[in-house]
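*Asks:* give me a model of this one.
(4 chains)
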4 protein chains.
Amino acid sequence: MFNSIHEECGVFGIYSEQPADVAASAYYALFALQHRGQESCGIAVNDDGVITCRKGEGLVNDVFKKETLESLGRGKMAVGHVRYGTTGSNGIVNAQPLVVNHIKGTMALAHNGNLTNAAELRTELELNGSIFHTTSDTEVISYIITKERISAPSIEAAVFSAMYRLKGAYSLIIMSPSKLIAVRDPMGFRPLCIGKKNGQIIFASETCALNTLGAEYVRDVRPGEIVVVDKYGMRSITGHCTDGKKSLCVFEFIYFARPDSEIEGCSVHLARRKAGAFLAKQYPVEADVVVGVPDSGLDAALGYAEESGTPYGIGFIKNKYIGRSFIQPTQEQRESDVRIKLNVVPSTIKGKRVVMIDDSIVRGTTSARIVKQLRDAGAKEVHVRISAPPFRHACYFGTDIDSPDTLIANHHSVEEICKIIGADSLGYLSVENVVRLASGCPLDFCTACFTGDYPVAPPKENAKSKFETKISEKKAGGE
Amino acid sequence: MFNSIHEECGVFGIYSEQPADVAASAYYALFALQHRGQESCGIAVNDDGVITCRKGEGLVNDVFKKETLESLGRGKMAVGHVRYGTTGSNGIVNAQPLVVNHIKGTMALAHNGNLTNAAELRTELELNGSIFHTTSDTEVISYIITKERISAPSIEAAVFSAMYRLKGAYSLIIMSPSKLIAVRDPMGFRPLCIGKKNGQIIFASETCALNTLGAEYVRDVRPGEIVVVDKYGMRSITGHCTDGKKSLCVFEFIYFARPDSEIEGCSVHLARRKAGAFLAKQYPVEADVVVGVPDSGLDAALGYAEESGTPYGIGFIKNKYIGRSFIQPTQEQRESDVRIKLNVVPSTIKGKRVVMIDDSIVRGTTSARIVKQLRDAGAKEVHVRISAPPFRHACYFGTDIDSPDTLIANHHSVEEICKIIGADSLGYLSVENVVRLASGCPLDFCTACFTGDYPVAPPKENAKSKFETKISEKKAGGE
Amino acid sequence: MFNSIHEECGVFGIYSEQPADVAASAYYALFALQHRGQESCGIAVNDDGVITCRKGEGLVNDVFKKETLESLGRGKMAVGHVRYGTTGSNGIVNAQPLVVNHIKGTMALAHNGNLTNAAELRTELELNGSIFHTTSDTEVISYIITKERISAPSIEAAVFSAMYRLKGAYSLIIMSPSKLIAVRDPMGFRPLCIGKKNGQIIFASETCALNTLGAEYVRDVRPGEIVVVDKYGMRSITGHCTDGKKSLCVFEFIYFARPDSEIEGCSVHLARRKAGAFLAKQYPVEADVVVGVPDSGLDAALGYAEESGTPYGIGFIKNKYIGRSFIQPTQEQRESDVRIKLNVVPSTIKGKRVVMIDDSIVRGTTSARIVKQLRDAGAKEVHVRISAPPFRHACYFGTDIDSPDTLIANHHSVEEICKIIGADSLGYLSVENVVRLASGCPLDFCTACFTGDYPVAPPKENAKSKFETKISEKKAGGE
Amino acid sequence: MFNSIHEECGVFGIYSEQPADVAASAYYALFALQHRGQESCGIAVNDDGVITCRKGEGLVNDVFKKETLESLGRGKMAVGHVRYGTTGSNGIVNAQPLVVNHIKGTMALAHNGNLTNAAELRTELELNGSIFHTTSDTEVISYIITKERISAPSIEAAVFSAMYRLKGAYSLIIMSPSKLIAVRDPMGFRPLCIGKKNGQIIFASETCALNTLGAEYVRDVRPGEIVVVDKYGMRSITGHCTDGKKSLCVFEFIYFARPDSEIEGCSVHLARRKAGAFLAKQYPVEADVVVGVPDSGLDAALGYAEESGTPYGIGFIKNKYIGRSFIQPTQEQRESDVRIKLNVVPSTIKGKRVVMIDDSIVRGTTSARIVKQLRDAGAKEVHVRISAPPFRHACYFGTDIDSPDTLIANHHSVEEICKIIGADSLGYLSVENVVRLASGCPLDFCTACFTGDYPVAPPKENAKSKFETKISEKKAGGE
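*Replies:* Residues are numbered from 1 along each chain as shown, chains lettered A, B, ... in the order given. Here you go, the predicted model:
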């Protein structure tokens, strides 16, 4: 809400031995994953090979009314998806699950991630006469799998072959008429976990969705692994699993994931508290209270308070009623400095030296506004601590960060930023510490947005960049 | 409303030399074509190569609110479409125009008709790895054109090649980034006309759309013709135009088209009056009044009255407020014989010998109900005259008739039908006369639904299964 | 649609001996009465004394979805209402039935008509401390009845007393916890009929609603009569019924009512045909075809054709798909002379001398446009005949005519109007003939809008006129 | 969400010297007050005496779209309201502001509270012939004021007289054509504060609304005070202000108000922290972590942790995406123990002795479910502390508590409740301490819901029936 970093998606899949209300399971799970995408959502149910899909723009609450959910019927399998997208884009076209008909039947796909070679694959497909209805990577993936499916003996074999062609980040759920398949790219950029419950197998982006359904956590899908579930049970195809370096997105721990989720067995909440503790060691300061900017700054603030011994305080109230259709203040209202989304708790702040913890500074304007609110409420000093290193580089693996041109850290030193946002001091978590947040995590981390060190080659110059793709959605090429 | 014969579509295209509010032109034209399809509608606008499309389920009135229409912006070209479909089908997926992205850019298609080899073409494409998002012929057509486009020097060349592969009925409007193209199949099954107005070229299924826009009728697109409009003007590609037998759907004159339209220069209103006149000659009867079942029976009733000298009467009032969301009467209500949609004008009927003209008898139940209403209102005799021959065969060229199994004329003689519907006498227009309705029409007519004499081979038995499922789904709607 | 004369309301009531789906009966009846009001509608159901009401802006189709209708439940009584109102007014506030709680319980009212002393009654009530939620006469009526109810022994006694205070036009349906009551003002301005069907008594503005439900017409409510239905049956209170002059609105026959309705036993369709016949006698002309402007001009055109011997023709097609949310053409579109709502059938008109029958000329602009359309379609001569005398005066009894200032007949002679609308000749039905349309009608007619001869004194100058009331809805008086 | 205690309303008023976008101010303020009522909301704008009102069911976000807000226009005054109500009730009828027309003009009212003599006043009014459109106290208040207004020289004089007749709780904003008036009942049950900002005077239920608008807090309206604002400025009428005992609702501090608000100069956040501190002294326990149930338990948990020295933890994640249209789990889903709304953070809880702070136990089922969640997540011990005394009595002053019959504390001892909810120990804040939460508050507190000691006589038995029906309707909602 306060900056422009966005996760692109959350995925969910369920396989039930007996026909069940799998649509409802998907519905409740999508509520738990809603923080991963608020633009559009959808559920596809497989009733004995017949796939019915409902999707739309908006939150789960908006898209799925009682009749909509009921119209999905019962079945043995369901796939669900929540998606983040940009305002103004004709979201319904790109909403998922994507349901396509091909020579061997029907297939539904839900995808979290971003391909780095999508533009090349798309061009190649188009040269062969393929037509595209959407601008999403997911349609490219469905084509690649379909092409392989023609000669492959099974859908999982087609997926296995297709993975040689797909570069970048993808945590995928694929539903064929008789199988549910979960796939994670060989680098493991995005999380994907497995749960079970009374004869049901569940896949989800985060474990909080398993908890919501009362399911038991089994394990995470391995990087490069294909997990297939059908009437014969669950099996694993691991040919793409390697022992090489992995690159799980570290920002999942810092910002995207819910604190009650565990990724690769590591608690997101604890990782954030550890970020706060590291900050307290890196940048100690004498202060009266430590406050976190809700929601993701709260855990780190608690960690900072614990490590430093400075009291923890509740510094802000976030308005939880502001929805998609909120009408932005006009100039007349804006000038009067409206504090609608976030309000300071004056009794926590007044007369205090305040340490304020947030998860990022993108352009700086939001941070400046929050610091000013604290000073207006009577803070004597405001020390800002950021639970991540400075953003400097674009992400090509499924996160929507502002273009490098607009990132404040690319144009200003930490000292300058401190002055710009009006803080008394400013400290960022170091890159050395950021990879130590989730101790015990068996995977390495991708820190490319901080370091520019991309674990997979970014898209070529002449291929359309991610941002250009968005533009091309509106701008059609010459005939 | 009272039977289950349905036209499948109406198409519209406009090319303006100067950027204009072409979306509004399409909007008003679709109102004029609304009778050709009420399930879904859409408009795509081309602003300097960028195609924006808005479509949805429902009438033009429902889908296009002020903001929706405005969001289409201005441009030099627009394509519009109205589509008939079945309740409950996920209509939005099959709504048109279909906008696809291919190797040479973007393309929007609007289609009226039905391919007879769609299933074969689709199988062939799928074997080559194509995926399908819809179940419509239009997506097949867009693929065939796209495949040809790879090697063809221009979009019109691609269309020309594609026409060798497309069998059946198609009146198409295609919009590429820089060209607007109208195409009619070589048999001329469905109408398609050309108009002009102050530097604008307009294509439409019927001339009533030209009148609505104040445009001047130029001529009809010829069977087999490709008409291309771009910045160099309008030109014609006639390689598929032959002098062979044509097969314009005669039911356009009897039922589908609006009476104020002219097809191939022949007035629809006059054709219907002539149908009435033929009936008066074929089946004269002594009577006091001739009434038509609204709306399409009115013109024929006037023709019958004129030819026979029996006075013309206004016999029915049709409720014009019943829309898509009308709640069908429950059994409790139905038993009390609800006359909601059509009501008799008692003062026209009471104590009279009545000739009642309708355009068709499908299952017979609706006709029986109307005859009973006339008797309840005091008609002494009811003589039914049908302004078309009996339906006996399925249509594969874009009309949605009940399956032959349910057509009353396949199971009963005219005498039996007369008894079933409770009439004192019954007469159908002869096949000999039906082809003489539009005298002066340069094309031959398709009368396959009456005669089974298909001008183009119907789909093969084994190829039809997939689509038949869809069609039978449609037939579920009550008569 | 083509002028600004509007009926204000249609009312409906049903009493069933046994609990039944009376909401559905009201729903279907309101469809039949929809032509009397399209702004808002509502249904109130009485289930053993508990009144549930649903109402909203829009057509019956829009307001009543399946769930809305079902939420009304079953019961022994229902009241329904359709209302015409002005665009922009906050319609939901004035939607009916009006349900109020008073000392003796709950009451639902549905009202067709207009009080002439509403402003005085309202002022008197306000002086006594009454507050008003709406700007409608109906709330005034409910107050007057409530005041009488305090001392009256029964609801019908309260209604009887209240009628001494109400001046003007009112056809009312009142539903108390245990009774259904129909009331018509002593002059009989607005129609109100009684029907029956298997243990059900039905009241409705027009008999077409009875036909829709398959009910049998019993008789009309007499001017001044109170008809009460409860568990003891139906009874009549006739103390206000007098033998004095009555004043049934003649425009019900000319324009408002549906042609398949009968008012006071007289067919509306026949009255309109007679209007055409009178016109043929008053203003004969040599011509080739007589056409009526749909919908209300059609019957008169047939009458003119019959009387004159000139052939009857179908001259226009009206677009039935244009709804409330239709987007009016912008200037750019309007200049191109858009014919969206009404289109000429060229084959009927071309090269002919045309007699065109319409029901009124209000400002003249619509008539001029239609005449021009006929000429554009090739009419050699256009002779306009109006099936009513010229409008010159405001109506205070429930019809919404333009203010006298804007009525063309107040500023121009018939010759001038003929020139303004571009006709070759013009003739209005005479006042002498207009009262002879419904021969056999036991009531006299109100012709005040033509003659200014008001059967009941119009509102006093200092009381707010009908149009000022509308304005005052927005403009609040000084504190 | 987790219990059935509900505040009934939030009110807002603004007076601007110059015409301004007061609708937008009201809109943003209602967002800040949204926690006080989520069923319906409304805004009335006064533009030079003309009052325009828009209201509807749902959140501010749902009811006010851009066009709705714009349709209110600019003006010098606005009144806003948020209201709590029950699902299924026909909320729109009772939505506020209530706009009524009376003899001296128009008046808009927004009301927070509950009259104890509403039923008697209503009966008296009905006996005099008044009719009621709503079931709300607010309509009674508007009648009482209107009756006084007839003889009173000004609206404020009428309000002054009316206050002699109104018993119970009311914080009112009244907007006449030229004045904005704030009124608080003589006992001061509900809060009401005054703010100012550049020539604007603002009234609101809580100071958080002032902060949102960037306005400065001036003071609270005194119990019994009438504050009038018009073009002559702000003035106070204090005749009803007494030095007697006051009775501000203490639950405002415990639950209703936002922690960033200050009531009578006392911080709500600090009061809650003090509640936690008192609990730590009353019921100390050896534990590893203190967690609060969001949202209102968080502050008290922090206070408990500070006082006891036990570490504060983040124990729960509340799903913020669940809205009004959330579909409740079916039995099939419910059995699988769905944790959708609240989820435990396992890493905070696992292996720990937990102190859990909540603000109330109503029926006990929710508390039991939360305790079980903690145990499932591995808590070794769960000690529940409630930041208020046990609920035992109905509230007649504007809070919607379950009927005494269903309150667990009326049927069970604390020990029994502890066992029922499955806790290891349980402690409630004492009544002695609850009145010490807001030290420095100049008013006394109402603690009737804990003690049954009503500061104003509750409604008489026989008078309550009508409203009790309504209330019992409300209680239907699950805990």
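*Asks:* only C-alpha atoms for contact and neighbour calcs from this point on.
*Replies:* Fine.
*Asks:* low-confidence ranges in the stretch 201-350 of chain A?
*Replies:* A:324, A:332-338 (pLDDT under 70).
*Asks:* what parts of it come near chain D?
*Replies:* When proximity is defined by C-alpha under 8 Å from any C-alpha of the partner chain, the stretch 201-350 of chain A lies next to chain D at A:208, A:211-214, A:259-261, A:267, A:269-270, A:299, A:302, A:313-314, A:316-317, A:319-323, A:325-327, A:329, A:333, A:336-340, A:343-348.
*Asks:* give me the buried entries from the residues you listed.
*Replies:* Neighbour counting by 16 or more other C-alpha atoms under 10 Å in any protein chain shown classes A:208, A:211-214, A:259-261, A:267, A:269-270, A:299, A:302, A:313-314, A:316-317, A:319, A:321-322, A:326-327, A:329, A:333, A:337-340, A:343-348 among these as buried.
*Asks:* now do the strands in the stretch 151-300 of chain A.
*Replies:* All strands of the stretch 151-300 of chain A, identified by DSSP state E, counting those that start in this stretch, fall at A:168-175, A:180-184, A:193-197, A:200-204, A:216-220, A:226-230, A:233-237, A:248-249, A:262-263, A:266-267, A:289-292.
*Asks:* would you list these in CSV and tack on distance to chain B?
*Replies:* Formatted as CSV, those follow (distance: least, C-alpha to the nearest C-alpha, whole Å):
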stretch, distance to chain B
strand A:168-175, 15
strand A:180-184, 19
strand A:193-197, 29
strand A:200-204, 25
strand A:216-220, 31
strand A:226-230, 22
strand A:233-237, 24
strand A:248-249, 32
strand A:262-263, 35
strand A:266-267, 40
strand A:289-292, 41
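*Asks:* would you turn the ones you listed into JSON lines with distance to residue B:384?
*Replies:* Below are those laid out as JSON lines (distance: least, C-alpha to C-alpha, whole Å):
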{"stretch": "strand A:168-175", "distance to residue B:384": "56"}
{"stretch": "strand A:180-184", "distance to residue B:384": "59"}
{"stretch": "strand A:193-197", "distance to residue B:384": "66"}
{"stretch": "strand A:200-204", "distance to residue B:384": "63"}
{"stretch": "strand A:216-220", "distance to residue B:384": "71"}
{"stretch": "strand A:226-230", "distance to residue B:384": "61"}
{"stretch": "strand A:233-237", "distance to residue B:384": "65"}
{"stretch": "strand A:248-249", "distance to residue B:384": "76"}
{"stretch": "strand A:262-263", "distance to residue B:384": "76"}
{"stretch": "strand A:266-267", "distance to residue B:384": "80"}
{"stretch": "strand A:289-292", "distance to residue B:384": "82"}
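*Asks:* what about stretch A:128-135, near chain B?
*Replies:* Yes - using C-alpha under 8 Å from any C-alpha, stretch A:128-135 comes into contact with chain B via A:128-133.
*Asks:* if we can go back for a sec, so which of the residues of the stretch 201-350 of chain A next to chain D are in helices?
*Replies:* The helices, defined by DSSP state H, take in A:208, A:211-213, A:269-270, A:299, A:302, A:333, A:346-348 from those.
*Asks:* pick out the most distant pair among the residues you listed.
*Replies:* A:213 and A:333 (43.6 Å; C-alpha to C-alpha).
*Asks:* ok, of the ones in helices among the residues of the stretch 201-350 of chain A next to chain D, which one's closest to residue D:230?
*Replies:* The closest of these, once distances to residue D:230 are taken by C-alpha to C-alpha, is residue A:333, at 22.6 Å.
*Asks:* and the most far-flung residue of chain A relative to its centre, helix, strand or coil?
*Replies:* In chain A, counting by C-alpha atoms, centre = their mean, residue A:351 sits farthest out from the average C-alpha position, at 38.2 Å. Here residue A:351 takes the coil state, with states given by DSSP: H, G, I helix; E, B strand; the rest coil.
*Asks:* right, and it touches residue A:382 too?
*Replies:* No - between residue A:351 and residue A:382 there is no contact under C-alpha atoms under 8 Å: 11.0 Å.
*Asks:* picking that back up, between the ones in helices among the residues of the stretch 201-350 of chain A next to chain D, which is nearest chain B?
*Replies:* Closest approach to chain B among these (C-alpha to the nearest C-alpha): residue A:333, at 25.1 Å.
*Asks:* give the contact list for the residue farthest from the centre of chain A.
*Replies:* Residue A:351 makes contact with A:378-380, according to C-alpha atoms under 8 Å, 6 or more residues apart in numbering or on different chains.
*Asks:* got a pLDDT number for it?
*Replies:* For residue A:351, the pLDDT comes out at 97.
*Asks:* same check on residue A:424?
*Replies:* Note on residue A:424: pLDDT of 98.
*Asks:* residues contacting it?
*Replies:* By C-alpha under 8 Å, 6+ apart, the contact list for residue A:424 reads A:381-384, A:418.
*Asks:* next one: residue A:323
*Replies:* Residue A:323 touches residue D:61, counting by C-alpha under 8 Å, 6+ apart.
*Asks:* residues near the residue in chain A positioned nearest to chain C, how many?
*Replies:* Closest approach between chain A and chain C, counting by C-alpha to the nearest C-alpha: residue A:67, at 10.9 Å. Residues near residue A:67, counting by other C-alpha atoms under 10 Å in any protein chain shown, number 8.
*Asks:* sec struct for it, please.
*Replies:* helix.
*Asks:* tell me how far it lies from chain B.
*Replies:* Note on residue A:67: its distance to chain B, by C-alpha to the nearest C-alpha, to the nearest Å, is 13 Å.
*Asks:* please report the distance of that residue from chain D.
*Replies:* Distance from residue A:67 to chain D, by C-alpha to the nearest C-alpha: 10 Å.
*Asks:* same question, residue A:249
*Replies:* On the measure of C-alpha to the nearest C-alpha, residue A:249 and chain D end up 21 Å apart.
*Asks:* surely that residue and residue A:441 touch.
*Replies:* No - using C-alpha under 8 Å as the test, residue A:249 is too far from residue A:441 to be in contact (11.9 Å).
*Asks:* and the contacts of residue A:424, which of them are in helices?
*Replies:* Checking those against DSSP H, those in helices are residue A:418.
*Asks:* okay, the contacts of residue A:424 in a markdown table with pLDDT next?
*Replies:* Formatted as a markdown table, those follow (pLDDT from 0 to 100):
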| residue | pLDDT |
| --- | --- |
| A:381 | 98 |
| A:382 | 98 |
| A:383 | 98 |
| A:384 | 98 |
| A:418 | 98 |
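*Asks:* from the contacts of residue A:424, which is closest to chain B?
*Replies:* residue A:418 (42.2 Å).
*Asks:* contacts only, for the closest residue to that closest one other than its chain neighbours.
*Replies:* Counting by C-alpha to C-alpha, 6 or more residues apart in numbering or on different chains, residue A:418 lies nearest to residue A:426, which is 5.5 Å off, once chain neighbours are set aside. Residues near residue A:426 by C-alpha under 8 Å, 6+ apart: A:383-386, A:414-415, A:418.
*Asks:* same thing with residue A:8?
*Replies:* Counting by C-alpha under 8 Å, 6+ apart, the residues that residue A:8 touches are A:36-37, A:83-85, A:112-113, A:398-400.
*Asks:* cool, and residue A:367?
*Replies:* Contacts of residue A:367 (C-alpha under 8 Å, 6+ apart): A:361, A:421.
*Asks:* tell me which residues of the helix or strand hosting it come out buried.
*Replies:* Secondary structure from DSSP states H and E places residue A:367 in helix A:365-376. For helix A:365-376, burial by neighbour count (16+ other C-alpha under 10 Å) applies to A:367-368, A:370-375.
*Asks:* from the contacts of residue A:351, keep the buried residues only.
*Replies:* A:378-380.
*Asks:* can you give me the neighbour number for residue A:116?
*Replies:* That count, for residue A:116 with other C-alpha under 10 Å as the rule, works out to 25.
*Asks:* got a list of what it touches?
*Replies:* A:167-169, A:396-397, A:457-459.
*Asks:* next: residue A:82.
*Replies:* Residue A:82 touches A:9-11, A:30, A:33-34, A:36-42, A:96, counting by C-alpha under 8 Å, 6+ apart.
*Asks:* list the ones among the residues you listed that fall in strands.
*Replies:* In strands, judged by DSSP state E, the following of the contacts of residue A:82 are found: A:9-11, A:40-42.
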